[in-house]
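**Q** Sequence isn't available, so here's the structure alone:
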């Protein structure tokens, strides 16, 4: 089955978008650094459950996410803490705290697993939102591929900037030399504890937004219907609506 053809789209879709989405769907099905292929696909499914989860809706409306008790609408593959983390990332991300991440790490959901989970969740959500914006049904999730996670952790790590450890600003060397040139923004470093999560995000973001290099440029871009100012106007409005305070 050929995924992401966009044959039924009411608008013409750049070929690069479909290719990036197909490549990520293939990566999604494979073992990652900390989750198996089956678990990664299950995380993607939880992204879709979170959108319609009654408990998430009730918790989002509450003064504190801890004041509401209940159970998530969810599958049966993942541990409850993993399910909760996915649902929070999708529905209540502005109230995720350092203590929440630390408590998870002390009780079975490691920092590395959390970062990979976030990487999968945000990319799946952004691709699904792309479909919803076009009035299209979300793409069927891929069949998981067999294998074990690599458990790879990069060497040059610091935990002084955000809630999770990151590769140091000048630490993208050796096996991580492709992640960014020289220094980079913290928003890109945020997924760098799991380098493949960052690579996947960059691949999709390059098509859905801009490449890292193009982010420093302004004006028109070949093959794009919007110029940079129009892109940023849309991005700023979406960020405001989603309560992105970066």
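**A** Yes, it's here. Values in this document were obtained by computation on a predicted structure and should not be read as measured data.

**Q** Quick one: the helices in this protein, in order.
**A** Secondary structure of the chain, counting by DSSP state H: helices at 15-28, 37-51, 54-61, 80-91, 98-106, 111-133, 186-189, 195-208, 228-241.

**Q** Contacts only, for residue 180.
**A** By CB atoms under 8 Å, 6 or more residues apart in numbering, the contact set of residue 180 is 172, 188, 212. Placement of C-beta: from N, CA and C, glycine included.

**Q** Check the gap between residue 22 and residue 229 for me.
**A** Computed as CB to CB, to the nearest Å, the residue 22 to residue 229 distance reads 30 Å.

**Q** So if I had to pick from these two, which one is more boxed in?
**A** A side-by-side neighbour count of residue 22 and residue 229, using other CB atoms under 10 Å, places residue 22 first with 16 against 10.

**Q** wait, the more buried one sits on residue 3?
**A** Yes - using CB atoms under 8 Å, residue 22 makes contact with residue 3 at a distance of 5.2 Å.

**Q** residues shared between the contacts of those two?
**A** Common neighbours of residue 22 and residue 3 (CB under 8 Å, 6+ apart) do not exist.

**Q** How many neighbouring residues does residue 20 have?
**A** Residue 20 is flanked by 21 other residues according to other CB under 10 Å.

**Q** does it really touch residue 211, like I thought?
**A** No - in this structure residue 20 lies outside contact range of residue 211 using CB under 8 Å: 11.4 Å.

**Q** Give me the distance between the residue positioned nearest the centre of the chain and residue 26.
**A** Among the residues of the chain, the one closest to the centroid is residue 122, at 2.4 Å (CA atoms, centre = their mean). Going from residue 122 to residue 26 by CB to CB gives 18 Å.

**Q** With residue 200 instead?
**A** Taking CB to CB, one finds residue 200 at 10 Å from residue 26.

**Q** Those two: which has the busier surroundings?
**A** For residue 200 versus residue 26, the count of surrounding residues by other CB under 10 Å is larger for residue 200: 23 against 12.

**Q** Next one: that one from residue 173, what distance?
**A** 20 Å.

**Q** Could you do residue 131 as well?
**A** Note on residue 131: its distance to residue 173, by CB to CB, is 38 Å.

**Q** Who has more neighbours out of the two?
**A** Per other CB under 10 Å, whichever of residue 131 and residue 173 has more neighbours is residue 131, with 16 against 13.

**Q** Look up the closest residue to the more buried one, ignoring the ones flanking it.
**A** The shortest distance from residue 131 to any residue other than its chain neighbours is 5.2 Å, reached at residue 138 (CB to CB, 6 or more residues apart in numbering).

**Q** burial measure for that neighbour, as a count.
**A** Counted with other CB under 10 Å, residue 138 comes out at 16.

**Q** Point out where the chain drops to low pLDDT.
**A** 1, 183, 245-246 (pLDDT under 70).

**Q** mind redoing it with 80?
**A** In the predicted model, the chain carries pLDDT under 80 at residues 1-2, 181-184, 216-221, 242-246.

**Q** ok now do residue 119, which residues does it touch?
**A** So residue 119 contacts 191, 194, 196-198, 200-201 (CB under 8 Å, 6+ apart).
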